[in-house]
Structures are given as C-alpha cells and as structure tokens.
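**Student:** Turn this into a structure:
(2 chains)
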Amino acid sequence: MAQKPKRIELQPWQDPKAKPYIHLEGVSKEFRGTLVVDDVTLSIFQGEFFSLLGPSGCGKTTILRMLAGLEMPTTGKIYIDGIDVTRRPAYDRPVNMMFQSYALFPHMTVEQNVAFGLKQERIPKPEIRERVKNALKLVQMDKYGTRQPHQLSGGQRQRVALARSLVKRPKLLLLDEPLAALDKRLREQTQFELVNIQEEVGITFILVTHDQEEAMTMSSRLGIMDHGRLRQIGTPNEIYEYPHSEYVADFIGSINKFEGRVVEDETDHILVESEEAGCELYVSHSADAPVGSQVKVAIRPEKIMIATMPPEQKRNATKGIVKDIGYLGDVSIYHVELESGKIILATQPNIVRLAERSVTWNDEVYLYWRAENSIVLTI
Amino acid sequence: MKEILRKVQSSFTSPFWAIVMPYGWLLLFFLIPFLIVLKISFSDLKLGLPPYSPLTEWVEKGVLTIKLNFTNYSFIGTDSLYLLTYLESLIIAVIGTLGCLCIGYPMAYGIAKADPPIRTLLLMMVILPFWTSFLLRVYAWIGILSPHGFLNTALKKMGLISTPLILLDTTFATILGIIYCYLPFMILPLYASLEKIDHSLVEAAYDLGARPFQAFLKVIWPLSMPGVIAGSMLVLIPAVGEFVIPELLGGSQTLMIGKVIWNEFFTNRDWPVASALAILMLIFLIIPISIFQRLQERQVRFLDAN
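**Tutor:** Coordinates of the predicted model:
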C-alpha cells in the first residue's frame, strides 16, 4: 500500500498576508423579491475543504450555484484565483460541481460520463482515455467503465459523479450534499474517503450540507448559514467551542443555556447572576456586555460533571434531580431538573457498566463545570 | 342473487377482461376490416353490387374453389404512376414530418420549460384546434392561399408583389397543410419526453464545459429521442395516406396515394385495385414502423431503467 501523504497543517486564514483563492464580495441573490443570499463576504484559501452548513432554505445551495455559474448574483462580485468571474457562464469557469442527484447522463456509460468534460475541451483522445482511467481508479471504479449509470448502486454513482467532476482538474470543486443519498454506514466511510481524495488531488473543495456531523468531520473550516446570512466562519473546533451567537450554539450539537444579568465584566472574566442556574456563573473570558445587561451563558452537556457530593467550588455549581437517563451505549445523557425547573442535559461517558452506575432516577445530584468551558452569548 | 351479482362483478374486474377489451377492440375495428380489404384485393372486378366477385364458390356438391386473383397487384406493378404516387406520398409525408419536427421541437421545449400555470395554458392552446372540424380548418387555408386570398392581398398591399403568387393547388400547399394539421401530434409526445428530462443533467453539461448548443446536442436531443420517434410516427403514418389535405390544397398537381385510392374506389369503382393499393401502402408503412418501434422500445426500456 502506498504511503498516505502526511496531513499538512493548513491555516492560511490566520495569516493576514495570505491571498484568498476564492473570494465573495458582498454577494446577494434575490429570487422574485425574496432575498435568498444576503450580503455574503467570504474568503476561501487554496487547498481548503470548506463547508457551508445550515438548515434547508438558508441559501447555501444558492451560493454554490453562484460559484458554479448556474445562478448570477443580484449584487456583489465573485473572484476565483484573483479573476472576476461574476458574469461568466458556467461553461467558462474553472469550477466543477458534484450535483446532489449526481446528474449522471443516463444515455452514456461511466467512461463516457467521465470523458464528457474533457471532450468539451477538445483534448486529444489518448490523453482523454488516460485521464478517465486515472480518475476512475482514484474513486475505485475502474472496473465499471463500460456500465450504464442505472446498473450502479447509489454509492457507485456517487463515485462516478466525483470522478467526473475531478477529471477536469478544476480550481474549485463544489459538492452539493454529496452524501445525502447514501445510507449511514456508507456515508461515514465515504466522508473519510472524500477527505483523503481531496488531500491527494489538492483541489479546493466547497461542500454544502445540512448534516453538522458531516461538516465537522470533513472540513478545514466551515461557515454557518441562516436566512441567507453567514453567521460564523471558523474551524470545526472554534465553531463548537466558541460559538458567537445563540443560533450557532444551537445549530451545532446540543447546549445548555442559562439566562442571567451581568454583575462584573473584566478583561479576564465575566460574572453573571442567574436565578435559572441557581448559582453565580463565572466565565473566564470577557464579552463586552455592560454590567446589568441580560446575557445567556452556555455550556455543552459533556463539559458538565455530575457528582453525588457537593463540589468545593461555589460558582458554576448547582444541584438538581435526575429526571431521565438516555443510554446511548458509549455515553449516557442525564436530564437533570434544577430547582428553578430548568432541565439541564449532562452527558457522561459510560466508564462503568450500566448495572454499576451510581446515579439513577430521582437522585439528587450536583452539577459543576470549569469556568473556561462555558461561553457568554450576547446575540 | 347477491352471490351471482358478486360473481359477475368479480369476473369483470379479473385480468381476463383487461386483456380482452383492447384485443377485442383491435379484432373488431382493425383486423376484421383489414381482412375484408385483403379479400377484396384478391377478387375480380364485377359490375353490380357488391362490385367484386366472391373469392369462394361452390362449383358442385362438396367442392369449394378458392380463386385468388393476383392481377390487381401485377396491374399496380405495370403502371409506374402508382409507384410514383407511393414515392411522392412518402416524400411529402417525410418533408411534412420534418417540418413538424422543426417547428414542434422548439415549441415543445418552450412549453416544457414554462412555469406550470403557463404550461397548462400553452398545452391547451396546442390542443385547441381539435375543437373545430378538421375539414373546416383545411378549408380555411384555401381562403388564405388562393390567388385573391388573405396572404396575396396582404403582400400586394404591402407592395411586395404585383401579381398574386400561385400558392394554392401546389405540393407546397399540401405540405403546409400537413404540417399545420399534424403539428399537435408532434408537439405532445415531444413535450412528454422533454418534460421528463432532469434539468440538473443540462446544468451538469454546462458545468462540464458544454456550451448551450453542445449541451443540447449531447444531452437534451438524445434524451428526447423517444418523443422524437413517437411524434414522427404519429405524423408520418397518417400523412402518407392523407386524402383530405392533398384533395383540397394540392389540386391536380399533387398525387398522393390516399387520393388515388379514393379515385379507384369512387370514380373508377374498381374496388379490387383500390384494396390492393391500400394493402400495399400498409405493407410499405409497416416495415419502417416496426423497425422504429423496436428502436423506440429499446430506448424507452433503457431510459425507464434509470
């Protein structure tokens, strides 16, 4: 087996001098009076695997289609490798797209499908044959070249669609929900394969998905979209650990939120008084929230610790009654009702077997967490 | 009593009836008339009613003779007029079919791409001419094409011509009439197959670098083939045997087999020859149709599999 190329730590977005490869400048799109994409500015760097994540109808597919040239922005500009392509038609862009339905031509064989794009460029025949062969090999479909698309399974069609869009060596590959039509197991397996292929070919990928897990595992960075607006851009880790807004916090994973009033806001910490939580909430970052204003403090369920004895800390510690336990095998989700009536989710890894578990229904438990693990949400 | 009713009811809904109905229809209205015409084509011309001799005769007790008269067929072979007529009918029908395809394809494509409410309206407009009599519509073209008709008057008033153009009673008028009358039969199957084409296939073609014309040639056209074949068959077959249009618009200049059969039947009262002509036309048509049919079946099967 060939040595897998080493993963390069790629973080050009942190370099202020780095030139973006794909750049959207104030792009908006209107369909019959409704604003589908609302003033999106976004820079993507060469070799990135960028995901646009959001619920259906948030405008993420429209952004993809505008990059492909299948849709023209109402206002704004699109640059690819420094060139303004805003008004260029789809057939004149160094961009290829993998469609959600795969859009394989039903009247052509697998080979003819993959060769289609190369034939449009009037590339000599022997070269076409060679490149088609290599592209099919890359997706492990080289044995199926003479088949018709209807003779393939969903996963195989997906691979052919990928080969077809990669064979032209585009500057940018767009993937519209590429795994949505696959079953769960195949999806998980394909996720990693896609990332490996991306590293191998070195093409910039932009993926659109509504599946947060997919976006988290595959992307170098992701953008969260809502109602045509980009809410936050960051690495999967940044998005998960430091969401800027309640929307982003809610969208990725589950999260507990306490309403409260700011008591102190210093450069290194913020103190929030919350009746809902039943304790003072100490967060070790500032939030630019004036004293006395209402904010929300959020904490992820897996960051909460459960104990049967009161912890030493007084802040970030509360107690409640276990109402429900969801057993997921690897972890259990505890639904704990606080004195304020608020239900808090806390996940605990099942280090010991179910029967040996110390906490059970209707037990009084103490919940506590570390100050650096909670976040203040001001929007 | 209830029991019997239920039995009758269930027997009508059984698969047996589902097969018997269409086959019965074909037997009654296609096969039997065809056999009658076939029979007449092998008989002798006779003065009287019916104007042909029977095929079978009891010569003496217990002896039945069957007399098959092939002279009608050999007569058609000796007169080159019939062969030329067949050829001209075919040429006119093919030109008419191509005309329908050229005009019908963009129309069907436009309808298939229109928004659903407008699409229904456009389809209604395609079917609308059927609400008036076919004969009347062809007649209307006489008013348009005649030397003092609408078209010549309009052209004269615009100063484009000084003497009227001879349009009526020409082969051109016949082809025009065929295109006009059969256009809906071309548009509807074309629309049906164009409407089924997944638009993302066309977008994929653009995305892979195909310009609009290439995308049409490599993706839309091959995928609309079932509609093209079905529409062409629906126009070609009746157009070859067309009688009304050449009679009204073609004058004496156009010889089409439908007109010749009519003349043999009603002017010459030569039923046997007329029947032989009809049988030969059927044979000429059946061969290309069955080839196309097989092609189309393969296409449809293959497209359905996707």
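**Student:** residues touching the residue nearest the centre of chain B, list them.
**Tutor:** Chain B has B:Pro238 as the residue nearest its centroid, 2.0 Å off, counting by CA atoms, centre = their mean. The contact partners of B:Pro238, taken as CB atoms under 8 Å, 6 or more residues apart in numbering or on different chains, are B:Tyr182. All C-beta spots, glycine's among them, are computed from the backbone N, C-alpha and C.
**Student:** Give me the below-cutoff pLDDT ranges for the chain.
**Tutor:** Using chain A here. Within chain A, the segments meeting pLDDT under 70 span A:1-10, A:354-357, A:379.
**Student:** Actually, chain B is the one I wanted.
**Tutor:** For chain B (pLDDT under 70), the answer is B:1, B:8, B:11-13, B:299-306.
**Student:** Quick one: the helices in chain A, in order.
**Tutor:** A:60-68, A:110-120, A:125-138, A:154-166, A:184-201, A:212-218, A:236-241, A:246-251 (DSSP state H).
**Student:** Quick one: distance of the fifth one to the chain centre.
**Tutor:** Centroid displacement of helix A:184-201 relative to its chain, using CA atoms, centre = their mean, to the nearest Å, is 15 Å.
**Student:** Buried residues, stretch A:51-70. List them.
**Tutor:** Buried residues in stretch A:51-70, counting neighbours by 16 or more other CB atoms under 10 Å in any protein chain shown, are found at A:51-54, A:58-70.
**Student:** Any idea how many residues pack against the residue in the stretch 201-350 of chain A positioned nearest to chain B?
**Tutor:** Evaluated by CB to the nearest CB, the stretch 201-350 of chain A has A:Ile206 as its residue closest to chain B, separated by 13.8 Å. By the criterion of other CB atoms under 10 Å in any protein chain shown, A:Ile206 has 26 neighbours.
**Student:** and what of A:Thr209?
**Tutor:** 22.
**Student:** Skip the chain neighbours and tell me the closest residue to it.
**Tutor:** A:Ala215 (5.3 Å; CB to CB, 6 or more residues apart in numbering or on different chains).
**Student:** A:Tyr334 too?
**Tutor:** Nearest to A:Tyr334 is A:Ala346, by CB to CB, 6+ apart, at 4.8 Å.
**Student:** The residue nearest to the centre of chain B: what secondary structure?
**Tutor:** Here B:Pro238 is helix, with the state taken from DSSP: H, G, I helix; E, B strand; the rest coil.
**Student:** quick one: it from chain A, how far?
**Tutor:** In this view, B:Pro238 and chain A are 30 Å apart by CB to the nearest CB, to the nearest Å.
**Student:** quick one: contacts for the closest residue to A:Leu162 other than its chain neighbours?
**Tutor:** Once flanking residues are discounted, A:Leu162 sits nearest to A:Val139: 5.4 Å by CB to CB, 6+ apart. Shown in contact with A:Val139 (CB under 8 Å, 6+ apart): A:159-160, A:162-163, A:166, A:197.
**Student:** Just give me the neighbour total for B:Arg6.
**Tutor:** Neighbourhood size, B:Arg6 [other CB under 10 Å]: 10.
**Student:** So it versus chain A, what's the distance?
**Tutor:** In terms of CB to the nearest CB, B:Arg6 sits 44 Å off from chain A.
**Student:** and that residue, that's in a strand?
**Tutor:** No. Checked against three-state DSSP, B:Arg6 lies outside a strand; its state is helix.
**Student:** show me what contacts it?
**Tutor:** No residues are in contact with B:Arg6 under the rule CB under 8 Å, 6+ apart.
**Student:** circling back to that earlier point, for the helices of chain A, which one sits closest to B:Ile95?
**Tutor:** Distance to B:Ile95, taken as CB to CB, is lowest for helix A:110-120 among the helices of chain A, at 33.8 Å.
**Student:** surely A:Glu259 meets A:Ser293?
**Tutor:** No. If you go by CB atoms under 8 Å, A:Glu259 and A:Ser293 don't touch, sitting 11.5 Å apart.
**Student:** What residues does the stretch 101-250 of chain A have near chain B?
**Tutor:** A:101, A:103, A:105-107, A:116-117, A:120-121, A:148-150, A:164-165, A:168 (CB under 8 Å from any CB of the partner chain).
**Student:** Ranking by neighbours, what's the top pick from these?
**Tutor:** So for these (other CB under 10 Å), the most neighbours sit at A:Arg164, 30 neighbours.
**Student:** Now that one: closest residue in space that isn't a chain neighbour?
**Tutor:** That would be A:Val114: by CB to CB, 6+ apart, it lies 4.8 Å from A:Arg164.
**Student:** my guess is the one you found meets A:Lys133, correct?
**Tutor:** No. Using CB under 8 Å, A:Val114 is not in contact with A:Lys133, being 9.1 Å away.
**Student:** what about A:Val208, neighbour count?
**Tutor:** Using other CB under 10 Å, the number of residues around A:Val208 comes to 25.
**Student:** tell me which element B:Gly110 falls in.
**Tutor:** Of the helices and strands defined by DSSP states H and E, B:Gly110 is found in helix B:80-113.
**Student:** in stretch A:361-372, what's buried?
**Tutor:** A:365-369, A:371.
**Student:** show me what contacts A:Lys133?
**Tutor:** A:142, A:145.
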